[in-house]
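> next one to model:
(one chain, ligands or ions: 2)
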Amino acid sequence: MKLQYQLNAAFAVVILIVMTITVFFVYSLIMDMLIQDERSQLEERAELLKQITEEQDASVRLPQLTQLVQDQNYPLLLFDLNQDEVLFSTLPANTAVDWLDRYDEELVDEEVWEDQSGESYVAYNIGVAPDSAQRILVMVTPLDDLQIVQNAFAQRMIRIIIIGLLLALAVSYFMTNRLVTPLSHLQKEVKKIEKRKFDQVEPVKASGEIKEVERSVRHMSEELERYINSQKQFFQNASHELKTPLMSIQGYAEGIRDGIFKGDEAERGLDVMVSETERLKKIVNEMILLAKLDSSEDVYHPEQVNVADVVAQAKDRLFPLANEKGVELYYSGEDAFYSYVDRERVLQAFINIIGNAVRHAHGKVEILSQITGDRISVQVIDDGNGIPEELLPQLFQRFIKGKEGETGLGLAISRAIIERSGGTISAENNSGAGAKFEIQLNQRMEDRQ
Ligand SMILES: Nc1ncnc2c1ncn2[C@@H]1O[C@H](COP(=O)(O)OP(=O)(O)O)[C@@H](O)[C@H]1O
Ligand SMILES: [Mg+2]
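Numbers count the residues shown, from 1 in each chain. Ligands and ions are numbered 1, 2, ... in the order given. Next up, the predicted model:
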């Protein structure tokens, strides 16, 4: 069943239950109220009659009383307990006698009296002169009369309830419609994502939580699209990167086999084959490492590490390369900053970054570290030509490299390591010249992990 119908049905059932309970209570209460009201009317009439019977003298009062009772059609009864006699009655004679008999023991304090045929009456009894303890005036109204009022009332209530229910259903339909329409639109958009038609995904008009879900879905769609594209790119790049050295190895191998390359040429060919094989091995190893860093495989072993120490160590490792290239390496900044990371991996990340800087520098590489709050920032600045502008947006992706690049995996690995360490890495070109890389890591104690 559609969500909207389910919501409406649930709403209708709740309203129906509430209203039924209300009607039940009101219906039973109304009878009590009607009886009380009727009794107070009877009381008024009884007081009036009592006055007449007491004020006038006997010769006029009976005819006057009879006249009044006949005009008004009052059902009433007057009896004398002492003489055990019905003095006056507009009720059937046997009812009058029966009530006189049962008065003392049963009826005196009752509000509703029953006659022999089982019919009930609302009754009001009052003592009248000359002896108000003995002479009793009883005024009654048949309960049936009240039941007619009660039923009329119930009918009206049922009519009101039906109208109320219809109104409530209309409101509920309107409200659930507002709720459900964006959901069904959202479902259509999700279907598009399922079919990978990312460019056709459109925003859905909604508010509140549904809007939040819609935003998340759109965000998820963008992420998925980016992920699928990057996977595609990765496979294209990877096959290209692996094919180039393989083709060169194959070319030289076939040339040597077929005797095209001889002597020195064959010697050079073998050298190329060895170095290309080295390169292949490096690419494959780096790809495997990246895949492991991406998955949750056990290649990352964090411990309490002095990051400043690790940076200094990376600088020392690159000293021979810098020397060979005639590049000066400077390091200044903090002595101690502790973070909970994998020492070897973070060292590898810094060697990648500083190594790139040394390779691209003209004559100087500066490393600066600085602590702000519970973060350390390490900047690696060189004076080279800077990062080619077209590389900048995807610099940290796999196989993205410049003209003199090697594998194009170094920065991808560095980013994977730094992000695994809970830090961030960014790159920009210095306004003057050269590139600037910044790595930030969090101060973190082991027990807070
Ligand atoms: N300090 C730098 N100055 C200029 N370009 C850089 C610098 N560091 C990295 N690059 C550019 O980014 C590319 C990717 O770097 P990386 O991922 O380490 O791959 P690789 O070093 O194997 O080429 C490099 O090929 C180079 O073009
Ligand atoms: Mg590199």
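
> check the spacing between Lys364 and Glu406 real quick.
22 Å (CB to CB, to the nearest Å). Bear in mind the C-beta positions are built from the backbone N, C-alpha and C, glycine included.

> the residue of the stretch 201-350 of the chain found nearest ligand 1 sits in which helix or strand?
Residue nearest to ligand 1 within the stretch 201-350 of the chain: Glu286 (8.6 Å; CB to the nearest ligand atom). Glu286 belongs to helix 263-294 when assigned by DSSP states H and E.

> pairing partners for the helix or strand following that helix, with directions?
Remark: after helix 263-294, the chain's next helix or strand is strand 303-306, criterion DSSP H and E. For strand 303-306, sheet partners with direction are given as strand 338-341 (antiparallel), following DSSP bridges.

> show me how far the partner strand is from its chain's centre.
In terms of CA atoms, centre = their mean, to the nearest Å, the centre of strand 338-341 is found 36 Å from the chain centre.

> give the rounded mean pLDDT of it.
For strand 338-341, the mean pLDDT works out to 94.

> following element in sequence after it, please.
Next element after strand 338-341 (DSSP H and E): helix 343-360.

> and that following helix with helix 263-294, angle?
When axes from the mean of the first three to the mean of the last three CA atoms, to 10 degrees is applied, the directions of helix 343-360 and helix 263-294 differ by 130 degrees.

> list the buried residues of helix 343-360.
Using 16 or more other CB atoms under 10 Å as the test for burial, helix 343-360 gives 343, 345-360.

> could you find the closest non-adjacent residue to the residue in the stretch 251-400 of the chain that ligand 2 sits nearest to?
With CB to the ion, the shortest gap between the stretch 251-400 of the chain and ligand 2 falls at Asn356, namely 4.5 Å. Spatially, and ignoring its direct neighbours in sequence, Asn356 is nearest to Gly410 (6.4 Å; CB to CB, 6 or more residues apart in numbering).

> mind listing what that neighbour touches?
286, 352, 355-356 (CB atoms under 8 Å, 6 or more residues apart in numbering).

> which of the residues you listed sits closest to ligand 1?
Using CB to the nearest ligand atom, these come closest to ligand 1 at Asn356, 3.3 Å.

> pretty sure the closest one is touching Gly408, no?
No - counting by CB atoms under 8 Å, Asn356 stays clear of Gly408, with 11.2 Å between them.

> does Phe174 sit in a helix, a strand or a coil?
Recorded secondary structure, Phe174: helix (DSSP: H, G, I helix; E, B strand; the rest coil).

> just give me the neighbour total for it.
10 (other CB atoms under 10 Å).

> quick one: pLDDT of it?
pLDDT for Phe174: 91.

> got it, and Thr372?
90.

> one more: Trp99?
91.

> count of neighbours near it?
Neighbour number of Trp99 under other CB under 10 Å is 26.

> also Pro63?
Pro63 has 10 nearby residues by other CB under 10 Å.

> check the gap between it and Arg102 for me.
Pro63 is 30 Å from Arg102, by CB to CB.

> likewise for Gln67?
When Gln67 is compared with Arg102 (using CB to CB), they lie 30 Å apart.

> neighbour-wise, which of these two wins?
Arg102 (14 against 10).

> can you tell me the element the more buried one falls in?
Here Arg102 is assigned to helix 93-102, by DSSP H and E.

> pull out the buried residues from that helix.
Within helix 93-102, the residues scored as buried using 16+ other CB under 10 Å are 95-100.

> show the residue spans covered by the strands in the stretch 1-150 of the chain.
Assigned by DSSP state E, counting those that start in this stretch, the strands in the stretch 1-150 of the chain fall at 76-80, 85-89, 112-114, 120-127, 135-142.

> what helices or strands is the last one leaning on?
Spelled out, that is strand 135-142. Judged by 3 or more CB pairs under 8 Å, 6 or more residues apart in numbering; DSSP states H and E, strand 135-142 is in contact with helix 3-55, strand 76-80, strand 120-127.

> distance to ligand 2 for those - can I get that in JSON lines?
Formatted as JSON lines, those follow (distance: least, CB to the ion, whole Å):
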{"stretch": "helix 3-55", "distance to ligand 2": "54"}
{"stretch": "strand 76-80", "distance to ligand 2": "116"}
{"stretch": "strand 120-127", "distance to ligand 2": "104"}
